[in-house]
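Novice: how would this look folded up:
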Amino acid sequence: MNYSDTTIILPVKNEPYASHILNDILKILPNSKVIIAYSGNIDDLKSYKSNSQITFLKQTGKGKGNACIESFNLVKTKFVGLVDSDGTYDITDLAKAIALIRKGGDMVMGQRIAVSREAMPDYIRFGNWVITTVANILYGMHLKDSQTGLRIIRTQALKSIKLTEQEFGIESEINIKMHKKGYGIKEMPIKYHKRLGSNSKQIKFLDGIKLLIIDFKFFLKED
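Specialist: Numbering: from 1, shown residues only. So this is what the prediction gives:
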């Protein structure tokens, strides 16, 4: 299978296992383009700098949203994919999402199902449900997992919306603005694993409140 029509964005901030994820991308998605947007230490990725498939982008700002927005400007392929670099997602699921969007639609999101408490504690599971439910009510969406970190988007559709969220709220902003534009959004079941290395980047209570506020932030805005 040839994935030259797809660019995968891999935000990296001191992720000790990013090289493992990158290896999986290169193996499972041959000929795809990869943008590594980083703001921290990437010593373990230096050996990949000679690979023509990979573009290294030093962020001018901070945060996952900033990494994504700056990377989107470099994408020239038909599709663009997002996946976290902490080992929680299977790249094989990313390949399935690409196959699905090739059949039609503008965004395919991974819906995390049958997730263990070790991978996703109950408070995070509940917070995700609240954030997703509120967004569905406000905007008339029918999502099951709004905060998933694995998705494939049609580049033309993505570039037609203006994104501003610099932190982890980028997923909510993409969902809301894609829906407001009338783009077709699909969800598909995926696996979700306990993150590799430290769990220090798990969403905290205050982060959940911020995400909930983002649900309301775009309610009266046109763009």
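Novice: lowest-confidence helix or strand of this structure?
Specialist: In the chain, no helix or strand scores lower on mean pLDDT, DSSP states H and E than helix 205-217, which sits at a mean of 75.
Novice: what sits up against stretch 172-184?
Specialist: The contact list for stretch 172-184, computed with CB atoms under 8 Å, 6 or more residues apart in numbering, reads 65, 104-107, 109, 131, 135, 139-141, 143, 146-147, 151, 153-154, 157-158, 160-165, 185, 211, 214-215, 218, 223. C-beta here means a position set from N, CA and C on the backbone, and glycine is covered the same way.
Novice: What subset of the residues you listed is buried?
Specialist: For the contacts of stretch 172-184, a burial check counting by 16 or more other CB atoms under 10 Å picks out 65, 105-107, 109, 131, 135, 139, 141, 143, 146-147, 151, 153-154, 157-158, 161, 163, 165, 185, 211, 214-215, 218.
Novice: So which of those belong to helices?
Specialist: In this view, the buried ones among the contacts of stretch 172-184 that belong to helices under DSSP state H are Gly65, Ile131, Ala135, Tyr139, Ala157, Leu158, Leu211, Ile214, Asp215.
Novice: could I get those as JSON lines with distance to Asn175?
Specialist: Output for those, formatted as JSON lines (distance: CB to CB, whole Å):
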{"residue": "Gly65", "distance to Asn175": "13"}
{"residue": "Ile131", "distance to Asn175": "10"}
{"residue": "Ala135", "distance to Asn175": "7"}
{"residue": "Tyr139", "distance to Asn175": "8"}
{"residue": "Ala157", "distance to Asn175": "13"}
{"residue": "Leu158", "distance to Asn175": "12"}
{"residue": "Leu211", "distance to Asn175": "11"}
{"residue": "Ile214", "distance to Asn175": "10"}
{"residue": "Asp215", "distance to Asn175": "10"}
